[in-house]
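> A predicted structure for the sequence below; I have some questions about it.
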Amino acid sequence: MNRPQTRQTQPGKGWVQGRKDNNSGSNITTIGTPSQLLLPRLEGVIKTGKGWRARCPSHGGKSASLAITDGDNGTLLLHCFAGCPVHDVLGAVGLQVGDLFVRKDLRSMSPAERSQLRQAALLPRWRAALGVLATEANVLLIAACQLGDGEPLDDTDLTRLRVAAVRVFDAVEVLR
């Protein structure tokens with residue numbers, strides 16, 4: 001099935017679907033957010049506290065086994081309680097995983113908005129690097145205590161100490 005190309009004109013302004021119109025050249029119609037794109041394609045949709053439940057189009061059935069929730073960043077989260085993979089659920093309604101995410105048109109953003117987006121993208125890397133540093137600091141502390149107590153480090157300990165040093169250097173590079 002050929003599906004139309006979608007893009008977002010401005011952050012938070014919804015999805016658009018581009019179509020050629022023989023009279024005016026190009027006509028753009030608004031589709032909406034990822035949830036507005038998916039929900040009309042599902043059967044048995046009911047509103048729940050923070051999202052929706054629906055019948056899973058992948059495995060069928062009569063129960064509302066598909067949970068749908070809008071994430072904090074506009075991403076649509078899906079979970080089939082029967083165990084269907086997200087790719088199968090979306091494929092059954094003619095969508096792809098990329099359709100679950102809000103697309104941002106960087107060209108329409110101000111330099112400050114682009115900078116803020118880049119900084120937000122770095123946060124998970126920084127958190128991961130800090131987690132590595134915390135773990136490897138504990139390894140170094142254990143080795144220092146062992147040496148301080150006059151106990152030698154065996155080959156396994158020395159190898160782990162070298163791994164810790166490499167991971168610390170890698171984490172420092174991520175944080176730069």
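That came in fine, so what should we check first?

> okay, now the unreliable bits of the protein?
1-32, 103-104 (pLDDT under 70).

> please enumerate the helices of this structure.
34-38, 86-91, 111-148, 155-175 (DSSP state H).

> between those helices, which gets nearest to Lys62?
Of all these, the one in closest proximity to Lys62, counting by C-beta to C-beta, is helix 86-91 (16.5 Å). Where C-beta positions appear, they are placed from N, C-alpha and C, glycine not excepted.

> show me which residues of the closest one are buried.
For helix 86-91, burial by neighbour count (16 or more other C-beta atoms under 10 Å) applies to 86, 89-90.

> which one of those residues sits closest to Leu37?
Nearest to Leu37 among the buried residues of helix 86-91: Leu90, at 10.4 Å, using C-beta to C-beta.

> distance check, that closest one against Ser58.
According to C-beta to C-beta, to the nearest Å, Leu90 stands 9 Å off from Ser58.

> Phe169: neighbouring residues, count only.
10 (other C-beta atoms under 10 Å).

> same deal with Pro34?
Close neighbours of Pro34, defined as other C-beta under 10 Å, add up to 25.

> repeat that for Glu136.
Number of residues near Glu136 (other C-beta under 10 Å) recorded here: 21.

> OK, contacts around the nearest residue to it once chain neighbours are set aside?
Nearest residue to Glu136, sequence neighbours excluded (C-beta to C-beta, 6 or more residues apart in numbering): Ala164, at 4.3 Å. Ala164 sits next to 136, 139-140, 143 when contact means C-beta atoms under 8 Å, 6 or more residues apart in numbering.

> do Val97 as well
Val97 makes contact with 86-87, 90, according to C-beta under 8 Å, 6+ apart.

> which residue of this structure sits farthest from its center?
Gly150 (48.1 Å; C-alpha atoms, centre = their mean).

> any idea how far that one is from Asn73?
Going from Gly150 to Asn73 by C-beta to C-beta gives 53 Å.

> same question for Pro124.
For Pro124 relative to Asn73 (C-beta to C-beta), the value is 12 Å.

> grab the nearest non-local neighbour of Ile68.
Nearest residue to Ile68 in three dimensions, chain neighbours excluded: Trp52, at 4.5 Å (C-beta to C-beta, 6+ apart).

> what distance do you get for that neighbour to Ala137?
Taking C-beta to C-beta, one finds Trp52 at 44 Å from Ala137.

> who has more neighbours, the two?
Trp52 (20 against 12).

> touching, the more buried one and Pro40? I think so.
No: using C-beta atoms under 8 Å, Trp52 is not in contact with Pro40, being 11.5 Å away.
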